[in-house]
Structure formats: C-alpha cells, structure tokens
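1. Below is the sequence, then the predicted model.
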Amino acid sequence: MVDFRGSLGLPEHYDDGRLVCKGCTKRGNWTSTCPKCLTAGVISYFCSQPCFHSQYKDHHRKWHQKLLTDFPARAESLLDLNEATYHLFMTEGCRLTLTTPRLVLRPVSLADSPRVFDIKREPTVNCYQLYGRNPTRDGVDDMTLGYFLDNFPLAYSPSRPVTTSLARVRYVFAITAGKNEQGKPKVSAKEVDGVKMMNEKGYMGNIAIEIEQLEPTKQSDFAHKVYRWGTLPKHVFRHPSTEQFISWGVHGGLFYEIHPSFWGQGLMTEAVEAVLRYCFDHLRLPSVVLDPFVENTASIKLARRFGGVYRKTRVTNYGSNGRVKQEVWAISRDDWYEAEKGREKGTKERPNEEARDGCRWCQRPDFEVTVSCPRCDWARWCSTECRLADLSFSGRGPLEASEDAKEKYRGGHALFCRAA
C-alpha cells in the first residue's frame, strides 16, 4: 500500500505506527476508506464496511464539513457534482456511447429521472428486479444519481461500495431510440394491456455492466486489489489485463430493464450484443454473468442466445420481492470470440489482452493517452479536456493557475505532484 502519511499529515490515523479506524478507533489493518475523503486526497481508514456504515453520519458531520473548509474548490465540486457542472466534467471520454442498428446507448442524465421512475414503478418490470416492488421517488432519484455519477470515476456515488477504488467499475447506459435520415425515431412504442404507454422520445430503459467478484465472501480482498487498480497518487493509471481480472476472480455482471412498450421488438438483444462486445473488446473481462429470476424466461432465453452456460440457481433475500430464485448464466470471452468467427460483423481479430496506460479522468479503455503532466511522470490523460476536468475537480484548475491558487486549493493531483 502507498504510504500517504508524510504528504497528508493525518496523525490521528496512527497509533504506535499502526492504522487506527476512524469509526471504532481500533488499531489494525484497514479494509475500507471513505470515498468522499479519498477523492479529496484525504485517506479516512475504517476497519470494515459495517463499521463505516454505522459511523458514516457522524463521520460526514465532522469530517466532510472540514473538507469544505480546508479544500473548498475540491470539496464543492466533489460533494455537489450535478448537471450544472456537466459542461466541464463530462468530457468526450466520459460520454461513452454505443450504437446499434436501432438504438443509441448513451450516458444517463439527471433529466432522465422522471422516466426512470415511471419504468421502475411498473409492476411488470420491478417484479423481476432486486430493488423490489413500489420503489420510492427518493430511492429512484438516488439510483439515477448513482447512474449519472458513474460517468465520473473520481466522483463519489451513493451506489458505490464503501471500499471504493476510484476505478470505474460500473457503466450504465440509457437506452434511447436512434433516428433515421429524416430525423424520426427508428423505434415505435406499442400499447400493452394494463400498462401506461411510454413514448420513444427519450429514456426507454437502461443496460449496465458492473465489474464484480465471483465470490462475495472475498469482497475485502477484492476491494484491496481493485483499490490498487484505481487512480492512486504517484502511480500511472493502468487498465488491468484479462489475466489480472482472472487472478482477482472477477467478471462483469450484466443487468438491464426496458419499458413494456418496447418489449417483443428485439431491442434488448441489440443492446446486450453491443455491451457484450464492449466488455470483451475493450474492458477485456474474462466473462460476463447474467442472473435473471427463474420466472424471467425472456432473459434466460437471451442468455442462451449469446452462448451463456448455466452455472447454478441461487436463492436471494432482497427488497420487497422477498425470497427469490435466480439462475446464473455465464458468457465467456473465449466463447464470444469463437462465435464471432461465424458472424459477418464484429471484431475479426482478438484484441490485445495486456494491461495498458489509461486516462486518469475518464478511464476509457478504448482511448489512448496523449497528454502528460509536465510536472510529474505519472499523470496522463487522453485529451486536454480530461486534463482540465481532472485538475479542476482536484481544486487546482488549469496548469497555468497562479501560485496563490495552487497553495489555496491543494488537493487531488496537485497534492501529490512533486512540482505542485
């Protein structure tokens, strides 16, 4: 683990050279760190996720207010990231968009929240989802905010695990209709008995991939490894190789939902194929797992369509849907490329599986790094826009900022850059 003690000056975390938990104050090894503090360049250690959760309100009241005082520019952008700052932080690298013959899979926007709520409140949709029946408006708004903040790997998201890595571990796409040459939607909504119809002018559902561990019992071990993968100060950000993912025991978890007005048109098949191709071509995941409810025959059929292999049936107690059974289906990277040989479109050659340098801001695995920091040898970005977003988010602003500004807003990259 990187030793942050000298640069951060946080003696309250140490007792006789051993780490002290911010929650229970016990000495020992850390397994969790507050994501809000971490993105401000401050390490707040906790001995476990339960300890973090139980002490979070008190920690937030005491420490995050201190962040606003000590790191004002950093903390304001960190704690209040919203659509108003979209123009600066939502760089081209963050705007990951996939297209299919009829669909555009774009980043989720906060403006999508009303339609997200309408879909998640639909009984024929939520009966197959772990968030359960009758989700509240506040709960859906939190989910939408989490989807939105996933576009910014360095931002705190309420949906992130406590043992955050500052690496992008989830990609959530809004499913929208593509347009023809006349500017008309390529998708038409259909009436469904007993369901309030939704038009095709906007968000129609979502599809997402989350990098997660195969065995949840090893979550703390996984968190430590993925933490090292994230944008650690004084380390070049690198996208993991397929071999690293295999050694960590991780896969991609695929989840999705779409309004019933668009069922039966093969739209989800198009969306799943596009996301799977991105997972294997660019994220280089060894496998992708789908875990539909046993009653969700359409999703089970979809898993089979893409070469999914049945692994097991598990019982989950979650949300208002209570005790549910889920079938686990796995699609391997090897099987995907074997099937690609028989398809006319798609990747003809298997992409490189090695780890490689990536942009510290957007962390896009399909973008090359072209911009480096002139003051250190570890900060790299894919564009000047990502560099500006990263430095602004860290409270430093453009590289040409005055010396007074650098001293006032020390945080993030500027805190660790040797010449900052």
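-> Thanks, I have the structure now. Given the structure is predicted, the values throughout are model-derived calculations rather than measurements.

2. which residues touch Gly264?
-> If you count contacts by Cβ atoms under 8 Å, 6 or more residues apart in numbering, Gly264 has them with Lys190. Yep, even glycine has a C-beta here, placed from its N, CA and C like the rest.

3. Quickly note the distance from it to Ile175.
-> Here the distance between Gly264 and Ile175 works out to 15 Å (Cβ to Cβ, to the nearest Å).

4. Ok, Glu340 next?
-> Glu340 is 23 Å from Ile175, by Cβ to Cβ.

5. Pro351 too?
-> 25 Å.

6. ok, these two, which is more surrounded?
-> Neighbours were counted for Pro351 and for Ile175 using other Cβ atoms under 10 Å; Ile175 has more, 25 against 15.

7. State the distance from that one to Val125.
-> 13 Å.

8. what do you get for Leu88?
-> 35 Å.

9. So the two - more neighbours on which side?
-> Ranked by neighbour count (other Cβ under 10 Å), Leu88 and Val125 place Val125 first, with 19 against 13.

10. and that one, what does it touch?
-> Applying Cβ under 8 Å, 6+ apart, the residues contacting Val125 are Ile119, Glu257, His259, Pro260.

11. where do the helices sit along the stretch 151-300 of the chain?
-> Taking DSSP state H, counting those that start in this stretch to define them, one finds helices in the stretch 151-300 of the chain at 219-229, 242-248, 267-278, 297-305.

12. Which among the ones you listed is found nearest to Val236?
-> Of all the helices of the stretch 151-300 of the chain, the one in closest proximity to Val236, counting by Cβ to Cβ, is helix 219-229 (11.7 Å).

13. show me where the stretch 101-250 of the chain has strands.
-> Counting by DSSP state E, counting those that start in this stretch, the stretch 101-250 of the chain has strands at residues 103-107, 170-177, 205-213, 238-239, 250-258.

14. Could you export the ones you listed as a markdown table, including mean pLDDT and distance to Trp329?
-> Listed next are the strands of the stretch 101-250 of the chain as a markdown table, based on pLDDT from 0 to 100; distance: least, Cβ to Cβ, whole Å:
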| stretch | mean pLDDT | distance to Trp329 |
| --- | --- | --- |
| strand 103-107 | 97 | 21 |
| strand 170-177 | 96 | 20 |
| strand 205-213 | 91 | 15 |
| strand 238-239 | 88 | 26 |
| strand 250-258 | 94 | 9 |
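
15. May I see those strands arranged in a markdown table, with distance to Thr316 as well?
-> Putting those into a markdown table (distance: least, Cβ to Cβ, whole Å) gives the following:
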| stretch | distance to Thr316 |
| --- | --- |
| strand 103-107 | 27 |
| strand 170-177 | 19 |
| strand 205-213 | 14 |
| strand 238-239 | 31 |
| strand 250-258 | 13 |
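
16. Out of those, which is closest to Glu385?
-> Relative to Glu385, the nearest member of the strands of the stretch 101-250 of the chain by Cβ to Cβ is strand 103-107, separated by 15.3 Å.

17. Just the residues contacting that closest one, thanks.
-> 90, 94-99, 148, 151, 172-178, 186-187, 207, 267, 270-271, 274-275.

18. strand partners of that strand, parallel vs antiparallel please.
-> When sheet partners are counted by DSSP bridges, strand 103-107 sits next to strand 98-99 (antiparallel), strand 170-177 (antiparallel).

19. So what touches the longest one?
-> So that's strand 170-177. Under Cβ under 8 Å, 6+ apart, the answer for strand 170-177 is 96-98, 102-109, 112, 146-147, 150, 159-160, 185-187, 200-211, 256, 258, 267, 271, 275, 278.

20. Please pick the buried ones from these.
-> The neighbour count (16 or more other Cβ atoms under 10 Å) marks 96, 98, 102-109, 112, 146-147, 150, 160, 185, 187, 200, 203-211, 256, 258, 267, 271, 275, 278 as buried among the contacts of strand 170-177.

21. Show me the shaky parts of the stretch 251-400 of the chain.
-> 318-322, 342-349, 394-400 (pLDDT under 70).

22. what about 50?
-> Within the stretch 251-400 of the chain, the segments meeting pLDDT under 50 span 396-400.

23. repeat for the stretch 101-250 of the chain
-> Those would be 157-164, 217-220, if you go by pLDDT under 50 across the stretch 101-250 of the chain.

24. Now do the same contact list for the closest residue to Gly202 other than its chain neighbours.
-> Excluding its sequence neighbours, the residue lying closest to Gly202 (Cβ to Cβ, 6 or more residues apart in numbering) is Arg115, at 5.8 Å. The contact partners of Arg115, by Cβ under 8 Å, 6+ apart, come to Met198, Gly202, Tyr203, Met204.

25. ok, the first one to Ala189 distance?
-> If I follow you right, that is Met198. Distance, Met198 to Ala189, by Cβ to Cβ: 6 Å.

26. Of those two, which one has the most company?
-> Between Met198 and Ala189, counting by other Cβ under 10 Å, Met198 is the more crowded of the two (21 against 18).

27. His251 is in contact with Leu283, isn't it?
-> No - between His251 and Leu283 there is no contact under Cβ atoms under 8 Å: 10.7 Å.

28. Counting neighbours, go ahead and name the busier of those two.
-> Remark: of His251 and Leu283, His251 carries more neighbours, 24 against 21, as counted by other Cβ under 10 Å.

29. Can you spell out which residues form a bridge with the nearest residue to the more buried one once chain neighbours are set aside?
-> What sits nearest to His251 in space, not counting adjacent residues and going by Cβ to Cβ, 6+ apart, is Ser287, at 4.5 Å. Listed beta-bridge partners, Ser287: Ser332 (assigned using DSSP bridges).

30. With only the CA atoms kept, save stretch 274-288 in PDB.
-> Extracted in PDB, the C-alpha atoms of stretch 274-288 (Å, rounded to 0.1, in the frame of the first residue of the first chain):
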ATOM      1  CA  ALA A 274     -23.400  -4.000 -28.100                       C
ATOM      2  CA  VAL A 275     -22.500  -4.100 -24.400                       C
ATOM      3  CA  LEU A 276     -21.000  -7.600 -24.600                       C
ATOM      4  CA  ARG A 277     -18.800  -6.500 -27.500                       C
ATOM      5  CA  TYR A 278     -17.500  -3.600 -25.400                       C
ATOM      6  CA  CYS A 279     -16.900  -5.800 -22.400                       C
ATOM      7  CA  PHE A 280     -14.800  -8.200 -24.300                       C
ATOM      8  CA  ASP A 281     -13.100  -5.900 -26.900                       C
ATOM      9  CA  HIS A 282     -12.200  -3.100 -24.600                       C
ATOM     10  CA  LEU A 283     -12.800  -3.900 -20.900                       C
ATOM     11  CA  ARG A 284     -11.200  -7.300 -21.600                       C
ATOM     12  CA  LEU A 285     -13.300  -9.000 -19.000                       C
ATOM     13  CA  PRO A 286     -12.900 -12.800 -18.900                       C
ATOM     14  CA  SER A 287     -16.600 -13.400 -18.600                       C
ATOM     15  CA  VAL A 288     -20.000 -11.700 -18.200                       C
END
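
31. No further queries at this time; thank you.
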